[in-house]
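K.L.:
3D model of this:
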Amino acid sequence: MKIQTYQNHIRFYPPHHFVYYPILTAFLISSIYFACTEDEKLIWAFISVGFIFLFCLAFMLRQHYALTLQNRIVRLELRYRYFTLSGKRFEEFEYKLTDDQLFALRFAPDDELLPLVEDTLKNSLTGAAIKKAIVHWKADYNRV
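P.N.:
Okay, here's the model as predicted:
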């Protein structure tokens, strides 16, 4: 990844921002134009409604952004919990863990977290193995 600076800190999702929305906007504008100028107004009105529906669907796809943010929050929570419990920074070895492992560790209660982190680093436990090793499950009912 590139080093983040002020010039490149804004993050776009290219398929969404630079492909989907421009194409959809062009189709919507052209269908509205044809609905106003062509003899087959009803067909073009239905097509326009279809494109409006696709715009609404695009907003629903924003859940992708919510999940990205949520994953970031899970990481921050793990860093905070690990530091609180051990007095050491989680970031020193976080890069060695996969997303699957990190997201599985969030279900571990405080008294099981440190041993599970050590075991995961030593034995490369999978996310499923981490979840199975948790004795007292710490539920996450707020996941999107």
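K.L.:
In space, not sequence, find me the middle residue of the chain.
P.N.:
T68 (2.3 Å; Cα atoms, centre = their mean).
K.L.:
ok, and that residue, which helix or strand is that part of?
P.N.:
Counting by DSSP states H and E, the element that carries T68 is helix 63-86.
K.L.:
can I get the CA coordinates of that helix in CSV?
P.N.:
Provided in CSV are the C-alpha atoms of helix 63-86 (Å, rounded to 0.1, in the frame of the first residue of the first chain):
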residue,chain,number,x,y,z
GLN,A,63,-23.4,-1.6,3.8
HIS,A,64,-20.1,-2.4,2.3
TYR,A,65,-18.8,0.8,3.8
ALA,A,66,-20.4,0.0,7.2
LEU,A,67,-18.7,-3.4,7.2
THR,A,68,-15.3,-1.8,6.4
LEU,A,69,-15.8,0.6,9.3
GLN,A,70,-17.0,-2.1,11.6
ASN,A,71,-13.9,-4.2,10.8
ARG,A,72,-11.8,-1.2,11.7
ILE,A,73,-13.6,-0.8,15.0
VAL,A,74,-13.1,-4.5,15.8
ARG,A,75,-9.4,-4.0,15.3
LEU,A,76,-9.3,-1.0,17.5
GLU,A,77,-11.3,-2.8,20.2
LEU,A,78,-8.8,-5.7,20.1
ARG,A,79,-5.9,-3.3,20.4
TYR,A,80,-7.4,-1.5,23.3
ARG,A,81,-8.4,-4.8,25.1
TYR,A,82,-5.0,-6.3,24.6
PHE,A,83,-3.2,-3.2,25.8
THR,A,84,-5.5,-2.9,28.8
LEU,A,85,-4.9,-6.6,29.7
SER,A,86,-1.2,-6.9,29.0
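K.L.:
any idea which helix or strand comes after that helix?
P.N.:
helix 91-94.
K.L.:
contacts for that next one?
P.N.:
For helix 91-94, the external contacting residues (Cβ atoms under 8 Å, 6 or more residues apart in numbering) are 75, 78-79, 102, 121. Quick note: C-beta positions are derived from backbone N, CA and C, even for glycine.
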